[in-house]
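Enquirer: give me a 3D structure for the following:
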Amino acid sequence: MPRPLVVFDTETATTRGAPHLLEIGAVRIEDGDITGHFEALVRPEVRIDEFAFHVHGIDDEMVRDARPAKEVIAAFLAFAGDDWLVAHNAPFDAGVLAFEAARYGLTLPSSPLIDTLKLSRRYLPEASDHKLDTLTAHLDIEVEVHHRALADAVSCSRVLEACIERMTADDAACSGEALFFELLARGSSRLTLASAAPQTPRIPTRLRGLAHACRDRSAVTLLYGEDGAPARLPVAPRLLFKLGARDYLEAECVRSGTLKTYRLDRVQRLVD
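Expert: Numbering: from 1, shown residues only. Okay, the predicted model is just below:
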């Protein structure tokens, strides 16, 4: 393959709500060989929830001395450069990086992003399902550990290799640059890291100050609650986002110093 590809994977600290990056791993593939790798743990601004821990086994102690997400993502982007990207279930991993980029004002690249989940459904249809664990077993790929970022990036690269073998067997003319554009046609939905940015909700007039507070990193007090006597909550807003059918505010609670998520429909108004 004449064009380098960077295959990456992420693990998260949370399994519900907005994602928080916990680990990222990547390998660079050139002419079918791994020629470089990137691996980093992240010190998240939230506690690792128990469901996430049971998936990857990373606990708070393991990331106590890790770098923050802003530094790790900047280092990963420097490693990836302008190379095309590959991930398994790419919308998930792109979303993880996009949320962190939105929190810190980072600019993500618009490099093409290929999804091996889409490719495997087309070129490995006989697999019982198309989860990465299932595919590695189906292809007899030796894996020492699952659900750690670098190991899963390597597994993803092997799945990509198997899909390319099937692709070229079906079409002998699919080689060189033509191969890459076929990968893009079959394994991409025009998704990029940049286009995965979280949606910004429409802010009611009474809450317009939240957008300014996110931009300026200034504190505000929310009158928060649905019924009865609402609570007065001093917070430092970080991010406004839409997830599913609801709109949310991510903010640091001034009293506890912890990062929390608040439903916008429960914010009655801002207190001067």
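Enquirer: what residues does stretch 72-86 touch?
Expert: 3-8, 21, 24, 26, 28-29, 36, 38, 40-42, 66-67, 97, 100-101, 104, 106, 108-109, 111-116, 156-157, 160, 180, 184, 193 (CB atoms under 8 Å, 6 or more residues apart in numbering). C-beta: built from backbone N, CA, C; applies to glycine.
Enquirer: kindly recompute the last result at 6 Å.
Expert: For stretch 72-86, contacts defined as CB atoms under 6 Å, 6 or more residues apart in numbering pick out 4-7, 24, 38, 40, 42, 100, 111-114, 160.
Enquirer: what is the end-to-end distance of it?
Expert: Counting by CA to CA, to the nearest Å, you get 18 Å between the two ends of stretch 72-86.
Enquirer: with stretch 251-262 instead?
Expert: One end of stretch 251-262 sits 8 Å from the other (CA to CA).
Enquirer: which parts of the stretch 151-272 of the chain are strands?
Expert: 220-224, 231-243, 246-253, 259-263, 267-271 (DSSP state E, counting those that start in this stretch).
Enquirer: which one of those lies closest to D170?
Expert: Of all those, strand 231-243 sits nearest to D170, with 39.2 Å by CB to CB.
Enquirer: partners of the closest one in the sheet?
Expert: Strand 231-243 has its sheet partners listed here by DSSP bridges as strand 220-224 (antiparallel), strand 246-253 (antiparallel).
Enquirer: tell me which of those approaches P198 most closely.
Expert: Taking CB to CB, strand 246-253 is the member of the strands paired with strand 231-243 nearest to P198, at 9.5 Å.
Enquirer: just give me the longest helix of this protein.
Expert: Ranked by residue count and defined by DSSP state H, the top helix of the chain is helix 149-170.
Enquirer: where in the stretch 51-200 of the chain is pLDDT low?
Expert: The stretch 51-200 of the chain contains residues with pLDDT under 70 at 172-173, 175, 177.
Enquirer: just the helices in it please.
Expert: If DSSP state H, counting those that start in this stretch is used as the criterion, the helices of the stretch 51-200 of the chain fall at 69-80, 90-104, 116-123, 132-138, 149-170, 177-187.
Enquirer: for these, which one sits closest to H54?
Expert: Within these, the stretch nearest H54 is helix 132-138; the backing value is 14.5 Å (CB to CB).
Enquirer: taking helix 177-187 as reference, get the angle to the longest helix of the chain.
Expert: Per axes from the mean of the first three to the mean of the last three CA atoms, to 10 degrees, the angle that helix 149-170 makes with helix 177-187 is 110 degrees.
Enquirer: contacts for helix 149-170, please.
Expert: 7-9, 11, 23-27, 29, 39, 86, 88, 116, 119-120, 123, 132, 135-136, 139, 141, 143, 145, 174.
Enquirer: and the gap between V271 and T221?
Expert: Separation of V271 from T221 (CB to CB, to the nearest Å): 4 Å.
Enquirer: okay, domains of this protein per the record?
Expert: Split into domains by automatic domain parsing, the chain comes to 5-196, 205-271.
Enquirer: what's around the residue nearest to W84 when sequence neighbours are not counted, how many residues?
Expert: The spatial neighbour of W84 that comes closest, neighbours along the chain excluded (CB to CB, 6 or more residues apart in numbering), is P112 at 4.7 Å. Taking other CB atoms under 10 Å as the neighbour definition, P112 ends up with a count of 19.
Enquirer: you'd agree P112 is up against L184?
Expert: Yes. Contact status for P112 versus L184: in contact at 5.5 Å, counting by CB atoms under 6 Å.
Enquirer: about what we covered before: can I get the strands paired with strand 231-243 in JSON lines with mean neighbour count and mean pLDDT?
Expert: Shown next, in JSON lines, are the strands paired with strand 231-243 (neighbours: other CB atoms under 10 Å; pLDDT from 0 to 100):
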{"stretch": "strand 220-224", "mean neighbour count": "19", "mean pLDDT": "96"}
{"stretch": "strand 246-253", "mean neighbour count": "20", "mean pLDDT": "96"}
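Enquirer: good, wrapping up.
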